[in-house]
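>>> Got a sequence here, can you model it:
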Amino acid sequence: MIKLTQINKIYGSGGAATHVLKNIDLEIKQGEFVAIMGPSGSGKSTLLNILGALDEPSSGSYTFLDANINSFSKEQLALFRRYILGFIFQGFNLLKKTSALENVAMPLIYQGVGANERRERAQSALSSVGLESHINYNPNELSGGQQQRVAIARAIVTNPQVLIADEPTGNLDTQRSHEIMELIRSFNKNGITVIMVTHEEDIASFATRTIYLRDGVIERERTHAL
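Here you go, the predicted model:
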């Protein structure tokens, strides 16, 4: 599904250049759940941003199915993110004075979906994360775990092929973290490919495979027995 070949990322130039990713080769199959781990500065967030088409590699190729992502225009990249990918962030990134329903429906506005269908699909997404009774609550009326559930509903409301998750449990306690991971794993079992950055081994254990980065290179991989 996804193939990275000899991906490099360099910030700056000359003596101030920082080589963040070095000749990364990585393949991710459809339906996989891949965790990316590594110490601070290892390049894991940069790698996730490239996979999420939020950043461009300095060199190398990124292929999604049969499409060469490197050749996409800005407009095509926006459409790729809008229709193919769903994003879950550590900080939830919810609109504070907007209801859970409106937050979840937001991506559908950019897809041109009509108001009635937006409401129906947002309600369905919130129901799938166990928040059908909280659709009119604003984020400040929800717990951290509930806010992350809203963020997950927003990510899956567009029926993405791939979920990109950046430290999705970073602001949660252990119990809530594991609840969120069970939820993400349930979507993976239903066919959504998941790519997640985490710094916690117990969170990575929910994945089917963990990629370990160090100093911009893939140090090793580990497959998890499920």
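>>> quick one, strands of this protein?
2-11, 18-28, 33-37, 59-64, 67-68, 85-89, 162-166, 193-197, 209-214, 217-223 (DSSP state E).
>>> Please render these as a markdown table that adds mean neighbour count, distance to residue 78 and mean pLDDT to the earlier fields.
Just so you know, the C-beta spots here come from the backbone N, C-alpha and C atoms, and that holds for glycine as well. Compiled in a markdown table, these are given as follows (neighbours: other C-beta atoms under 10 Å; distance: least, C-beta to C-beta, whole Å; pLDDT from 0 to 100):
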| stretch | mean neighbour count | distance to residue 78 | mean pLDDT |
| --- | --- | --- | --- |
| strand 2-11 | 16 | 19 | 97 |
| strand 18-28 | 17 | 22 | 97 |
| strand 33-37 | 25 | 24 | 98 |
| strand 59-64 | 16 | 15 | 97 |
| strand 67-68 | 12 | 14 | 95 |
| strand 85-89 | 21 | 11 | 94 |
| strand 162-166 | 23 | 15 | 97 |
| strand 193-197 | 24 | 19 | 97 |
| strand 209-214 | 19 | 27 | 97 |
| strand 217-223 | 13 | 29 | 95 |
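>>> which one of those lies closest to residue 102?
strand 85-89 (17.6 Å; C-beta to C-beta).
>>> Neighbouring strands - and their directions - for that closest one?
Within its sheet, strand 85-89 is paired with strand 162-166 (parallel), according to DSSP bridges.
>>> Next up, the contacts around the residue nearest the centre of the chain.
Closest residue to the average C-alpha location of the chain: residue 164 at 1.3 Å, with C-alpha atoms, centre = their mean. Counting by C-beta atoms under 8 Å, 6 or more residues apart in numbering, residue 164 makes contact with 48, 51-52, 85-88, 195-196.
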